[in-house]
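**Q** Sequence isn't available, so here's the structure alone:
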């Protein structure tokens, strides 16, 4: 995979964080793709339908809001090239309050795929978020 592809992945992850910041369920869902497998401390969720994905996103947004999260950033730390226009991406997410103070950080390890130049999540592992001390 080229440096250009790695830059596109970093831009995709940053754009995904921007969608979370905006609370834009449709943009978040567009980046996630279907079917979607999400692993967290509670187990693995397999999502096959738009309404299931929207409900998962709404739940995550509500949980973050309940903990005072006003913004997120995501920085790509590592990209491992995989066959068939795919990559395993390690990102560090930072959740902040309205004044910019860090509430939590966690690592997300995601498998992404590319279709005609558009990246999307296939597997999302956000188990690191469960260790956050709220």
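**A** Nice, I can see it. Small disclaimer: the values here were computed from a predicted structure and weren't measured. Residues are numbered from 1 along each chain as shown.

**Q** Tell me which strands the longest strand along the chain pairs with, and in which orientation.
**A** Determined from DSSP state E, the single longest strand within the chain is strand 102-115. Partners of strand 102-115 in the sheet, by DSSP bridges, are strand 86-96 (antiparallel), strand 118-125 (antiparallel).

**Q** and of those strands, who's closest to residue 18?
**A** Of all the strands paired with strand 102-115, it is strand 86-96 that lies closest to residue 18, at 12.7 Å by CB to CB. Every C-beta, even on glycine, is put in place using the N, C-alpha and C of the backbone.

**Q** circling back: buried residues in the longest strand of the chain, which are they?
**A** 103-104, 106-114 (16 or more other CB atoms under 10 Å).

**Q** hmm, back to that, can I get the strands paired with strand 102-115 in TSV including distance to residue 80, mean pLDDT and mean neighbour count?
**A** Formatted as TSV, the strands paired with strand 102-115 follow (distance: least, CB to CB, whole Å; pLDDT from 0 to 100; neighbours: other CB atoms under 10 Å):
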stretch	distance to residue 80	mean pLDDT	mean neighbour count
strand 86-96	4	96	18
strand 118-125	13	92	18
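
**Q** would you list those strands in TSV and tack on distance to residue 19?
**A** Below are those laid out as TSV (distance: least, CB to CB, whole Å):
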stretch	distance to residue 19
strand 86-96	13
strand 118-125	12
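
**Q** Which of the ones you listed sits closest to residue 51?
**A** So among these, strand 118-125 is nearest, using CB to CB, at 17.9 Å.

**Q** Downstream of that closest one, the next helix or strand is which one?
**A** Downstream of strand 118-125, the first helix or strand assigned by DSSP states H and E is helix 127-130.

**Q** Nothing else from me, thank you.
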